[in-house]
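Participant: Got a sequence here, can you build the structure:
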Amino acid sequence: MSDASDVTKAAVVTPIRVAIALCLIAPFVAMLWVGSYAKTGPVFIGIPFFYWYQMLWVLLSTALTMTAYQLWQRDQRARRTESTSGGAQR
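Facilitator: Residues are numbered from 1 along each chain as shown. As a prediction, the model looks like this:
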């Protein structure tokens with residue numbers, strides 16, 4: 001019976017979870033919106049915009065994924081603390 005309440009708690013939308021979702025969705029949106037970067041200029045150290053923009057998103061995606069993971073860990077720690085303190089009050 002407690003497993004069902006754990007599933008219900010997992011469906012809670014918090015600002016941290018929204019930030020996690022935005023961190024994970026942003027690279028997909030940026031890469032799927034081809035019209036925004038399907039051009040040759042501006043050139044950066046001899047590399048057309050089309051290529052260096054995509055390489056920049058490789059680095060940005062890594063940073064955003066790391067940020068999402070750290071936020072997720074913080075959220076899980078807070079939920080564990082909340083559930084243990086809530087159980088102690090009963």
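Participant: in this structure, which ranges drop under the pLDDT threshold?
Facilitator: Along the chain, segments meeting pLDDT under 70 span 1-11, 86-90.
Participant: what are the ranges of the strands in the protein?
Facilitator: Counting by DSSP state E, the chain forms no strands at all.
Participant: which helices and strands sit right next to the lengthiest helix in the chain?
Facilitator: Secondary structure of the chain per DSSP state H: the longest helix is helix 49-89. If you count contacts as 3 or more CB pairs under 8 Å, 6 or more residues apart in numbering; DSSP states H and E, helix 49-89 packs onto helix 15-32. Quick note: C-beta positions are derived from backbone N, CA and C, even for glycine.
Participant: buried stuff in the helix it packs on?
Facilitator: In terms of neighbour count (16 or more other CB atoms under 10 Å), helix 15-32 has its buried residues at 20, 23, 24, 27, 30.
Participant: Now do it and helix 49-89, the angle between them.
Facilitator: 160 degrees (axes from the mean of the first three to the mean of the last three CA atoms, to 10 degrees).
Participant: which residues sit against helix 15-32?
Facilitator: Outside helix 15-32, the residues that touch it by CB atoms under 8 Å, 6 or more residues apart in numbering are 36, 54, 57, 60-61, 64-65, 67-68, 71-72, 74-75.
Participant: could you redo the last one with a cut-off of 7 Å?
Facilitator: Residues external to helix 15-32 that are found in contact with it (CB atoms under 7 Å, 6 or more residues apart in numbering): 57, 60, 61, 64, 67, 68, 71, 72, 74, 75.
Participant: Only the buried members of those residues: can you turn that into a PyMOL selection?
Facilitator: Buried residues among those (16+ other CB under 10 Å), as a PyMOL selection:
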select buried, resi 57+61+64+68+71+75
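Participant: Dump the contacts of helix 15-32 to JSON lines, plus distance to residue 41.
Facilitator: Below are the contacts of helix 15-32 laid out as JSON lines (distance: CB to CB, whole Å):
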{"residue": "57", "distance to residue 41": "18"}
{"residue": "60", "distance to residue 41": "21"}
{"residue": "61", "distance to residue 41": "24"}
{"residue": "64", "distance to residue 41": "26"}
{"residue": "67", "distance to residue 41": "31"}
{"residue": "68", "distance to residue 41": "32"}
{"residue": "71", "distance to residue 41": "36"}
{"residue": "72", "distance to residue 41": "39"}
{"residue": "74", "distance to residue 41": "41"}
{"residue": "75", "distance to residue 41": "42"}
